[in-house]
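J.: Only the shape, not the letters, is given here:
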């Protein structure tokens, strides 16, 4: 699976392939299909994949796809929230002008007072 497409859509494609194999008379265990779908999750889903692997009970295909759908919706909502936060930050930044200070060089006479002496009174 890839990160650029919906995981739910890609899992449905894997299900279609599995149904084609089964329709040819080759038995395909549902638990095997579940394991394959979990293992084929995209790289950005690594943490979710590891959590599913360590679950003690077995999943059915339908419940796994439901979990995919829920996780995908959460990820979309998180992305929308991040975009709103970033856009709000950009909006507040643009409303206050930036003040740039010039790069100043230190003069040798800068440590002397106006009478030509130094700060120690000499």
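T.: All right, it came through fine. Remember, predicted model here, so these are calculated numbers, not experimental data. Numbers count the residues shown, from 1 in each chain.

J.: show me where this structure has helices.
T.: Counting by DSSP state H, the chain has helices at residues 7-23, 30-39, 46-53, 61-95.

J.: Please identify the deepest-packed of the ones you listed.
T.: Among the helices of the chain, helix 30-39 has the highest mean neighbour count (mean count of other CB atoms under 10 Å), at a mean of 16. The way it works is simple: take the backbone N, C-alpha and C, and place the C-beta from them, glycine included.

J.: helices or strands next to it in the packing?
T.: helix 7-23, helix 46-53, helix 61-95 (3 or more CB pairs under 8 Å, 6 or more residues apart in numbering; DSSP states H and E).

J.: Columns distance to residue 40 on top of these, output as TSV?
T.: TSV is the format used below for these (distance: least, CB to CB, whole Å):
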stretch	distance to residue 40
helix 7-23	7
helix 46-53	9
helix 61-95	11
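
J.: rewinding a little: just flag whichever of the helices of the chain has the lowest average confidence.
T.: Confidence, taken as mean pLDDT, is least for helix 61-95 of these (a mean of 78).

J.: quick one on the thing from earlier: for residue 34, find the nearest of the helices and strands packed on helix 30-39.
T.: Across the helices and strands packed on helix 30-39, residue 34 has its closest neighbour in helix 61-95 (5.4 Å, CB to CB).

J.: Look up phi and psi at the nearest residue to residue 3 once chain neighbours are set aside.
T.: Leaving aside its sequence neighbours, residue 3 sits nearest to residue 42 (CB to CB, 6 or more residues apart in numbering; 4.4 Å). The phi and psi values for residue 42, taken as degrees, to the nearest 10, are phi -70, psi 160.
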